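Trainee: Sequence plus predicted model, see below.
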Amino acid sequence: GPGSYADHDPLHSPPGKIYEAPGPIYFEVFRTGKPVTSGPLTDEYGTFASALAPVLDPRNGEILMVVGLDIQADEWQARVNAARQGPMFGTLILLALLLASMITIRWRNQLPIEGQERFKHLETAWVGVWGLALTVGAVMLALEADRRDQRNAFNQDAGVQANAISAMFRSIQSDVAALARFHESNPHFDHQKFTTIAAPMASTVPIQAYAWVPVIPAAQKQLAEAAVQHEDMGIFTIWERNARGEKISAAGRVNYYPIYAIEPLDSNIMRLGFDLGSEPQWRAALEHAARTGLVTATDPASLFEDPDQAHDLLIIQPVFADDSPDRDSKSGNGPDQNLRGFALGIMRPQAIFDGALRRYGHEKSLVTTELLDLQPKSEPVLLATYPPKLAGNHLVAQPSISQQIYPLFIFGRTLAIVSYPSSLFHILHPLWMGW
């Protein structure tokens, strides 16, 4: 494990369970480091056809783990049989026609001369039947070839767009990590240095903002506010919103997590000083990142009282005073002494989609793409669509082509890029029978 089966499923395998009867295929993938397929093979779970692929360490190429996909043997055999039916049925028809033509011609030749005269055009008739049968066969083969070409064209277009989206997300993750390393190596915060690092990053990707969020103990709150003002940054206050949504000075907590610096500043100045710890969901995400030491993304939600943007994400990278935070010292109620703060990315998935896929044009896109946030025990959440005017329209998918799903594991979350062929795609790549 872990596997994809639910906990109550008989085939569920919890993490750490020993695989009692692995087949040779499993040892082969660890030995060669190459993907393999095999089966059907029988083990303690049943009989399956399997495909395995190694996950390699990008630094040295060592095999970290192997991921696999199993399909039950009866389902696999059913699919194989379904693929065989067309060719087998066509072959049987041709054999039946051949046998029928031989029998009828032999029967005609055994008739008296006057009887044979009545069937003198039998060969011509059979030539016509054979011509019709071969024409139907050729049409079916051409249609299948068109479907295959159409499917390959869609897969290529969808793959290009999925790669562009994935690259944009990973660029943002790399930027947040770079900001975290910057703060780790610069224990004394400097607004000018932050701007020098963060401003170019924010200008190259369609992100709302990059920010620095330090941990401010309550006893140092006034000193932190005065330090920002001393750098000629204007009046700086660590603030929160009250029950009526009004901006008030933050108070009543042991630690504060204000947005201390943010780029681009002009479009985000209203967010400067906001205490993320004043909102339970943001505080929980910050504490989770501090506890694990890993990059974390918040659940999709409206940030900073912006009801028109309900699918924003905070990307949170903890920054510690050293490279090896003592996670054992944590009580689970907050950060430990080593935590200095968080490098922050404020991301709007729809803007990422628009930026990554702008080259395709809203009106000319051949593929309709959606981004889903997958969460256990809940329905997927639609984060973004492209083109936007087709948001949530699953009816564009045609029976001839199935959707393509590209998993994206990033920011500690599981996202899915789902692609469908658009109406324009079917105009540019029609099936031959549809002409």
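Mentor: Perfect, I can see it now. Numbering: from 1, shown residues only.
Trainee: Quick one: residues contacting Arg348.
Mentor: By Cβ atoms under 8 Å, 6 or more residues apart in numbering, the contact set of Arg348 is 206-208, 309, 311-313. Using the backbone N, CA and C atoms, a C-beta is placed for each residue, glycine as well.
Trainee: mind running it again at 6 Å?
Mentor: Shown in contact with Arg348 (Cβ atoms under 6 Å, 6 or more residues apart in numbering): 208, 312.
Trainee: Just want the phi and psi numbers for it.
Mentor: phi -110, psi 110 (degrees, to the nearest 10).
Trainee: Pro206 versus that one, what's the distance?
Mentor: 8 Å (Cβ to Cβ, to the nearest Å).
Trainee: try Ala83
Mentor: Applying Cβ to Cβ to Ala83 and Pro206 gives a distance of 44 Å.
Trainee: Those two: which is more packed in?
Mentor: Taking other Cβ atoms under 10 Å, Ala83 and Pro206 do not tie; Pro206 has more neighbours (17 against 10).
Trainee: Helix, strand, or coil at that one?
Mentor: Here Pro206 is recorded as coil under DSSP: H, G, I helix; E, B strand; the rest coil.
Trainee: Repeat that for Arg79.
Mentor: Applying three-state DSSP: Arg79 is helix.
Trainee: That one and Pro387: what is the separation?
Mentor: For Arg79, the distance to Pro387 equals 34 Å [Cβ to Cβ].
Trainee: The two: who's more crowded?
Mentor: Pro387 (20 against 12).
Trainee: Next up, phi/psi of Gly159, please.
Mentor: Taking degrees, to the nearest 10 as the convention, Gly159 sits at phi -60, psi -40.
Trainee: ok, now Ile71?
Mentor: For Ile71, the backbone dihedrals (degrees, to the nearest 10) come out as phi -130, psi 130.
Trainee: and the gap between it and Leu314?
Mentor: 39 Å.
Trainee: Going by residue numbers, what spans are helices in this protein?
Mentor: Remark: helices assigned in the chain by DSSP state H are 24-32, 73-109, 113-118, 122-185, 191-204, 221-230, 280-292, 349-357, 423-428.
Trainee: In the second one, which residues are buried?
Mentor: Yep, that's helix 73-109 we're talking about. Under the neighbour-count criterion of 16 or more other Cβ atoms under 10 Å, helix 73-109 has 73, 76, 97, 101 buried.
Trainee: any idea of the pLDDT on Val388?
Mentor: Just so we're on the same page, residue 388 is Pro rather than Val. Pro388 is assigned a predicted lDDT (pLDDT) of 73.
Trainee: List the buried residues in stretch 50-67.
Mentor: Of the residues in stretch 50-67, 50-52, 54, 66 count as buried by neighbour count, 16+ other Cβ under 10 Å.
Trainee: Quickly note the distance from the nearest residue to Ile93 once chain neighbours are set aside to Ser302.
Mentor: In space, and not counting its chain neighbours, Ile93 is closest to Ala133: 6.7 Å by Cβ to Cβ, 6 or more residues apart in numbering. Using Cβ to Cβ, one obtains 64 Å as the distance from Ala133 to Ser302.
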